[in-house]
Structure formats: C-alpha cells, structure tokens
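Colleague: Kindly generate the corresponding structure for this input.
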Amino acid sequence: MNDLWAALNTPLTLGPRASPPPPTQGPNAAAAALRGARNSGLGRHSSPGLEAGFGSTLVRLEGTFPGYPADSRRRVIRLMRWLTQRDEDMNGSLRDQIAIANPGHSLEFVGGKRAVQAAQQEIQAFAERVFPEGGGLDGLNNNQVGEIVRTGATSLEWYALASRRGVENVAVVPAEDIFIRRTESGLLYEQQALSAEPVELPGLTYRYLPILTDGADPYGIPLFIAALESAERKVRLTESVDRVVDMMRVLAFVSATFPEPTPEQLGLNSRMDPAFETLTAAYYEQAAALVYDNAPRGLFVGPTGSEVKVTNLTQSLAGLPDLMLENNRRLWTSTRTLPFLRGHLDGATEALARVAYPMVEAEAANIQMVLARQLEHGLNLHLRLKGIPAQVWVRFGSAESAFALSQAQTEYTRMQTDQLGKQVFGDGWWSKAAQRWDIAEGDAKQAPEWWQGTVPAPPNLPLLNGDTAARSALTYDRQARRYRVSLPITDIRTA
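Modeller: Okay, the predicted model is just below:
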C-alpha cells in the first residue's frame, strides 16, 4: 500500500511524446476481427506519430487529473481499481451503485411493423451471446457501471463480423489505456496497450463516453477520485489500531520495581566482588522474564518490596473511534454513499433517509443515461449492419424503493391538489399539473385501446418504408435470464 501511494507522488517519466510502455495485455478479439476492415471504416489501424502524420494541426492529450498533477491518469485509475477491491467501504459503495443503477433494463423498438418484429428477434439472440465472459447484456451493464465509477467513462468497442453483416461481440477497452488526439475534424481515440505503436480505434465501432469532465479536458473523471486521500488516511489509522491491539494481546505496559539484591542473596561476600554487577543484572533480567511469562495468566510473584504498575492500553485508543468515524464520513461522501448504507445507523432517521437517499438515486440515474447511450450505439449498429430499418432504445428501471408507501401517499395528495386546483383556477391549472406529472398534450392519443375501455375508430397509421409504423418493448427477466415481451407490437397512431 505504501508503495502504491508513493507512486502517486512520483512524477510520471513517460512524457506525452515519449515511447509508449510495453504491452500489458495481448491483442484482444476486436483487433483480430477488425484487421481486414480498414477500408470500410470498421477496423483498427496503427496511428502515425505527431510529427510524421498530422503535424501542428493535431495535439495529443496525455491527460492528468488536476488533483494529482504529478502522476498519470493511468496509474490513478489503476489505484482506483485496486482500492475498490481492497477497501471495504469503497467496494461496498461500488456494489451499491451497481445495484441501484442496474435494477433491470428494457428495450423499446420503433420502426415498421415487420422491421420491429425482425429487430426483436435479432436483438434477443444478440443479447444472449454478447459479452459471454460477463453474462450477456445484463452482465455488461454491471461491468460498465463499475467502469464508470472507477474510470469516469464507459469504453467499449462493438466490433463487426468479418462479413460486415452485424456486430460480432463487444470488447471492454480499459479507459486508462485510451489516449485522445484533438484534430481539426474532432477527437481521435487511440489505445496504447495492444502494441508498441498506438492503435487508432474506429469511430464507427468504438465509443468513449465520460460521465463527468473538467473544462475542455475530454477525459472522464472517476466518481470516487476524491476518496483517495481518505482511503489512504484510513489505512494509516487502521495500521495504528492494529499495532495497539497487538500490544494489548501480548502484554500491557508494565512498570515494575524490584529491590536491589544483597550480596548475601547473590552468594557473594561484598558489593566489591567483581561478579556483583553481573549477577545483579542477571537477577533483574530473571525478574522481568518472570513478569512477562506470567502476564497471560494475570499472575505475578516477586520478592518482598516489589511494585508493579499496569497502564491500561485502552486509554491509548481514546479518541481514535471519533477519528475513524470522521474519516469514514469523508470517505462515504467521496464515494457517493450514505452512512446507513454502510451499516452506520447512529443518527439515521427515516426523515433524513427520505431526503438524502434520492441524491444517491439521482447519481445512479446519471450513470444510467451514459450507459444507455453506449448500449444504444452498439445495438443500433448491429441492426444497421443487419439491414433492419428499426431503432432500439434502452430504458433502465428504478430500484425498489423502501419508501413506496410514503411516495404513493404523496402522489395521492398531489392528485387531490390538482383536482382542487382545477376547481379553483379552471383550465389554467392544466399547465402546472402537466409539468408535475410530465404529461404532454399528445400523450392521450397514444393510449392503447385497453386504457380507453372502448374500441376506438380506426386511426390514421403512418408508414415507414411502406410498412405500418409500430413500436414494441422487451424487458429482461433476471430470474429466467431472458427477455419477455412487455409491450406487444403496437401500431403508432396519429391524430
């Protein structure tokens, strides 16, 4: 641990234009699958150097975190990975984020009726075989929530089949291996881990999506980065406690006083005997050993006049629990969690939880938005390469709330308020109610027949590529480990 923290304060020797480090992993499946796809824009290829290629119009962004200017982004992220496995609070906070941000997902399809049906079948098969090392699309969601928390971004390459007739699989590209070049046409992404030369990642198949950036810096900021200092302090506090506990386990602090032995007790004639000092030292050593050997039994036997004073080591721990608690509070704040989620219930009340917990849910919602964009890119790319004219949208659910009854009562009160507002203000209250419940003027036209309770007149159905416009949805069932139809293929009606 000390070596890692010393490394954080060691200046980075690899400059922006220095030679890249040796490879840390072998070529992944993406490199093999896309080796022959350069001409189509789907493949990877080596990126030329600054001087040889783009000249003064291109600037490589090495990337450092302002809070740790003396170290590289790569090493800070790797330390973050280590801590989220080693530190119990950071690991617990990470698991909380995964549980709250990925309670389940659904896929919504829009397009022509035949295209929607084909898209459903294709995506169901694709979601089952994608990311096999992590358990399919749902496992990929868990993986990427962790990546967003630890690295500040989701970094995936959806590489194509050799025939270019669909996406073969997805490769997780470590965000710390990504380097960004700013060109006149935009940002160019390179992975500097697969070979001695940086590998340019194709813009059609690769997506790097940060959840939070700093100014014009395009690199994502890890959500837990502010916890590094508190985590390091926690290590020092824990080591101090361990040292005191070890001392308490072996022996308390003992101050022992023994009367000086007389020459007669040592078998000598006088103090002037040359052996007196040697025998006296041996006498004290034997007395000290007697105290040490009998301490576990709480027994002490010594000559008359001996005095033993024991210092209670628990007094040395006075105030340490307060220091640990204060540091843990800093750590919990930095890791976007709450004390009661970490098992610290002192001072926790339901009223406080109802105010503070929505902030944790809002953080998870931000993660969901970034992850949904990443998944939509890969799934729609697959449909596009398959030639299916449909579009898929990813929707994440909400974790089951512990305050469902209170929330339902609150919503009921709001509905009563809207009814009273309509009586008092008439139609002028509509805009306020619509804003409260997020209702648009055209939403009523999209209501299905079962909602109306009657069979409506035949609607005007729009056409997409000569096919009736329709929509449908699939929801992932974690227990069954497959998708279930949550919305059958339904025609999209207009006025």
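Colleague: So Val110 lies in a strand, does it not?
Modeller: Yes: per DSSP: H, G, I helix; E, B strand; the rest coil, Val110 lies within a strand segment.
Colleague: tally of neighbours for it?
Modeller: Per other CB atoms under 10 Å, the neighbour tally for Val110 reads 18. Quick note: C-beta positions are derived from backbone N, CA and C, even for glycine.
Colleague: From what I see, it and Val116 are in contact.
Modeller: Yes: with contact defined as CB atoms under 8 Å, Val110 and Val116 form a contacting pair (7.2 Å).
Colleague: Mind listing the shared neighbours of these two?
Modeller: Common contacts of Val110 and Val116 (CB atoms under 8 Å, 6 or more residues apart in numbering): Ala390, Ala470, Arg471.
Colleague: So what are the sheet partners of the helix or strand hosting the second one and their directions?
Modeller: Assigned by DSSP states H and E, Ala470 belongs to strand 467-477. Sheet pairing here is set by DSSP bridges, and for strand 467-477 it gives strand 105-112 (antiparallel), strand 463-464 (antiparallel), strand 482-491 (antiparallel).
Colleague: quick one, helices of the protein?
Modeller: Residue ranges of the helices in the chain, as given by DSSP state H, are 2-8, 29-33, 73-86, 88-101, 113-129, 136-151, 228-250, 276-294, 320-334, 350-386, 404-425, 430-437, 449-452.
Colleague: closest to Tyr483 out of those?
Modeller: helix 113-129 (5.3 Å; CB to CB).
Colleague: could you give the angle of the closest one to strand 482-491?
Modeller: Relative orientation of helix 113-129 and strand 482-491, computed by axes from the mean of the first three to the mean of the last three CA atoms, to 10 degrees: 170 degrees.
Colleague: per-residue confidence at the spatially closest residue to Arg81 that is not a sequence neighbour?
Modeller: In space, and not counting its chain neighbours, Arg81 is closest to Arg150: 5.6 Å by CB to CB, 6 or more residues apart in numbering. Arg150 is assigned a pLDDT of 93 by the prediction.
Colleague: Can you get me a residue count around Arg150?
Modeller: Close neighbours of Arg150, defined as other CB under 10 Å, add up to 25.
Colleague: Check Ser185 too.
Modeller: 9.
Colleague: Show the contacting residues for Glu264.
Modeller: Shown here is Glu264, which makes no contacts under the criterion CB under 8 Å, 6+ apart.
Colleague: before we move on, the earlier item: please identify the most buried of the strands paired with strand 467-477.
Modeller: Ranked by average neighbour count under the criterion mean count of other CB atoms under 10 Å, the strands paired with strand 467-477 are headed by strand 105-112 at a mean of 21.
Colleague: Name the helix or strand of the chain that has the lowest mean pLDDT.
Modeller: The weakest-scoring helix or strand in the chain, judged by mean pLDDT, DSSP states H and E, is helix 29-33 (a mean of 40).
Colleague: can I assume Pro218 is in contact with Leu187?
Modeller: Yes: the pair Pro218 / Leu187 is scored as a contact, 6.0 Å apart, by CB under 8 Å.
Colleague: So those two - more neighbours on which side?
Modeller: Shown here are Pro218 and Leu187; by other CB under 10 Å, Pro218 has more neighbours (17 against 12).
Colleague: Chain neighbours aside, what residue packs nearest to that one?
Modeller: That would be Ile180: by CB to CB, 6+ apart, it lies 5.1 Å from Pro218.
Colleague: Please work out how many residues are found near that neighbour.
Modeller: Around Ile180 there are 17 other residues, counting by other CB under 10 Å.
Colleague: Domain map for the protein?
Modeller: Per the record, the chain has its domains at 1-224+335-402+440-495, 236-317, by automatic domain parsing.
Colleague: Point out where the stretch 301-450 of the chain drops to low pLDDT.
Modeller: Across the stretch 301-450 of the chain, the ranges flagged by pLDDT under 70 are 311-334, 336-355, 401-403, 442, 445-450.
Colleague: that older thread, what residues are shared contacts of Pro218 and Leu187?
Modeller: Joint contacts of Pro218 and Leu187 (CB under 8 Å, 6+ apart) are Ile180.
Colleague: I figured the residue nearest to Arg81 was touching Gln85, is that so?
Modeller: No: applying CB under 8 Å as the test, Arg150 and Gln85 come out as separate, 10.0 Å apart.
Colleague: pretty sure Glu128 is touching Arg482, no?
Modeller: Yes: using CB under 8 Å, Glu128 is in contact with Arg482, at 7.4 Å.
Colleague: circling back to that earlier point, show me which positions of the strand holding Ala470 end up buried.
Modeller: Ala469, Ala470, Arg471, Ser472, Ala473, Leu474, Thr475, Tyr476 (16 or more other CB atoms under 10 Å).
Colleague: how many degrees apart are it and helix 136-151 in direction?
Modeller: Counting by the same axes, to 10 degrees, strand 467-477 lies at 70 degrees to helix 136-151.
Colleague: contact partners of strand 467-477?
Modeller: Here strand 467-477 makes contact (CB under 8 Å, 6+ apart) with 104-117, 120, 123-124, 127, 137-138, 395, 461-463, 482-492.
Colleague: please redo it, this time with the cut-off set to 7 Å
Modeller: The contact list for strand 467-477 (CB atoms under 7 Å, 6 or more residues apart in numbering) reads 104-110, 112-116, 120, 124, 138, 461-463, 483-492.
Colleague: how about low-confidence regions in the stretch 151-300 of the chain?
Modeller: Where the stretch 151-300 of the chain drops to pLDDT under 70, the residues are 193-196, 244-245, 247-254, 295-298.
Colleague: Mind jotting down where the strands sit in it?
Modeller: Ranges of strands in the stretch 151-300 of the chain, per DSSP state E, counting those that start in this stretch, are 153-160, 167-172, 178-183, 186-191, 199-200, 206-210, 253-257.
Colleague: Thank you, goodbye.
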